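*Asks:* I'll drop the sequence and a predicted model, then ask my questions.
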Amino acid sequence: MALTTYTGDTNIISQLDNQPNDNDGLSAAQLKAKFDQFATEFITFFNGEHLPELLAAINAAAQGISSDGVDGSLIIDGSVTSDKLSNTEGSEAVSTDVIQDEAVTKEKLEQSVQDAVDAVSGKASFTNTSVTLASDGWTNNSQTISPVTGVKADNVVVATSAEDDTSYTAWTNCGIRVVLQGYQSLTFKCRSVPSTAVTVNILCLN
């Protein structure tokens, strides 16, 4: 039995524009779903397809059933030892480079896979905050806010209006957008200066 490998897209976030709300047309909810997409798809694949295949191969080997050219009799009692691996009669030798304590068990294999999943899930972290653009804080249709927690010069920053009607209407009608980011700093531009304060939600990918 050959184990199915994962062939899904692993570069979902890196393919986004630096301003995915404005240029990709993503809503805040759609953008958040992009951050979860890989983990969701991989876990679905792993739990629904790969793990059953892996467990079936382990169980078959424990019963002495050969698969993929490996003699199941080598691990009929559920373990692999250096003595068994050194006996290549009727089968090819198996490398022990990664079998540090001379035993491979179902528990160790499951833990190794779980560690890999945890490592992938832990690669990205997010910071959520909000800022207020004061109605009298605009100069030449520009306003800089600092400090803004989580913002760096080169990380992905998504800015969108808060859900209240006042902020949403001003954000949309006045064409407010982020034009420059630095360490804990964001500069906003607008087509026309809003007459009210605007609350802006900030999502940072760290």
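*Replies:* Received, thanks. Residues are numbered from 1 along each chain as shown.
*Asks:* Show me this protein divided up by domain.
*Replies:* Listed domain ranges for the chain are 43-121, 125-205 (source: automatic domain parsing).
*Asks:* At which residues are the strands of the chain located?
*Replies:* Along the chain, the segments classed as strands by DSSP state E run 126-133, 142-145, 156-161, 177-182, 185-189, 198-205.
*Asks:* if we can go back for a sec, the domains of the chain: lowest mean pLDDT?
*Replies:* Lowest mean pLDDT within these: domain 43-121, at a mean of 61.
*Asks:* Quick check: G8 vs T44, distance?
*Replies:* Counting by C-beta to C-beta, to the nearest Å, the gap from G8 to T44 is 9 Å. Backbone N, C-alpha and C define where each C-beta goes, glycine included.
*Asks:* same deal with T169?
*Replies:* T169 is 39 Å from T44, by C-beta to C-beta.
*Asks:* Make sure N201 is actually in contact with A159.
*Replies:* Yes - here N201 reaches A159: they are 7.2 Å apart, a contact under C-beta atoms under 8 Å.
*Asks:* ok, these two, which is more surrounded?
*Replies:* A159 (25 against 16; other C-beta atoms under 10 Å).
*Asks:* That one - nearest residue in space that isn't next to it in sequence?
*Replies:* Spatial nearest neighbour of A159, chain neighbours left out: V178 (4.8 Å); criterion: C-beta to C-beta, 6 or more residues apart in numbering.
*Asks:* Hmm, the one you found is touching C190, no?
*Replies:* No - contact criterion C-beta under 8 Å: V178 and C190 do not qualify, at 11.0 Å.
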